[in-house]
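S.K.: below: sequence and its predicted model.
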Amino acid sequence: MRKMLEKAITFVIAKGAEHWNTIWAVMLAVFGGGVAFLMDVKNGNRQWDWSAFTLSIISSGFFGLITYTVFSELFGWSPSMSAAGCAIVGHLGAEKVKQLLTDFFTKKLS
């Protein structure tokens, strides 16, 4: 049983190391989303709510992952530049990113 656990831990560490750049980028996006939410609370634009905060950082992480994939795979950016883009998108937040994408595609399709 112990050998199986050691094998599983080794596998998880190896996979984590293999995808460290992606993990780091998503963590930056989550941090950016959390900071943006807390700044909105501090400025009085939003009330504090645990569920809204959790949703904000989860959506920032999701958009960060998508951003990292697009920047690194489609545009060929370096991992550090892609991670910086993730942090910016995470800080923008889901609503602002949604509005930017809606505006972009509306202009392209009309």
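M.R.: Sure, I can see it. Numbers count the residues shown, from 1 in each chain.

S.K.: only C-alpha atoms from now on, for both contacts and neighbour counts.
M.R.: OK.

S.K.: next SSE downstream of the helix or strand hosting residue 4?
M.R.: Using DSSP states H and E, residue 4 falls within helix 2-18. Once the chain leaves helix 2-18, the next helix or strand it forms, by DSSP H and E, is helix 20-42.

S.K.: quick one: list the elements packing against that following helix.
M.R.: Under the contact definition 3 or more CA pairs under 8 Å, 6 or more residues apart in numbering; DSSP states H and E, helix 20-42 sits against helix 50-69, helix 79-92.

S.K.: so what's the gap between it and the chain middle?
M.R.: Distance, stretch centre to chain centre, for helix 20-42: 7 Å (CA atoms, centre = their mean, to the nearest Å).

S.K.: ok, stretch 45-58 next?
M.R.: 15 Å.

S.K.: that stretch: which residues count as buried?
M.R.: Across stretch 45-58, burial judged by 16 or more other CA atoms under 10 Å covers 53, 56, 57, 58.

S.K.: turn the residues you listed into CSV, including distance to residue 23 and pLDDT.
M.R.: Listed next are those as CSV, based on distance: CA to CA, whole Å; pLDDT from 0 to 100:
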residue, distance to residue 23, pLDDT
53, 20, 94
56, 18, 90
57, 14, 92
58, 14, 92
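
S.K.: how many degrees apart are the helix holding residue 4 and helix 20-42 in direction?
M.R.: Here helix 2-18 runs at an angle of 70 degrees relative to helix 20-42 (axes from the mean of the first three to the mean of the last three CA atoms, to 10 degrees).

S.K.: what's in contact with helix 2-18?
M.R.: residue 23 (CA atoms under 8 Å, 6 or more residues apart in numbering).
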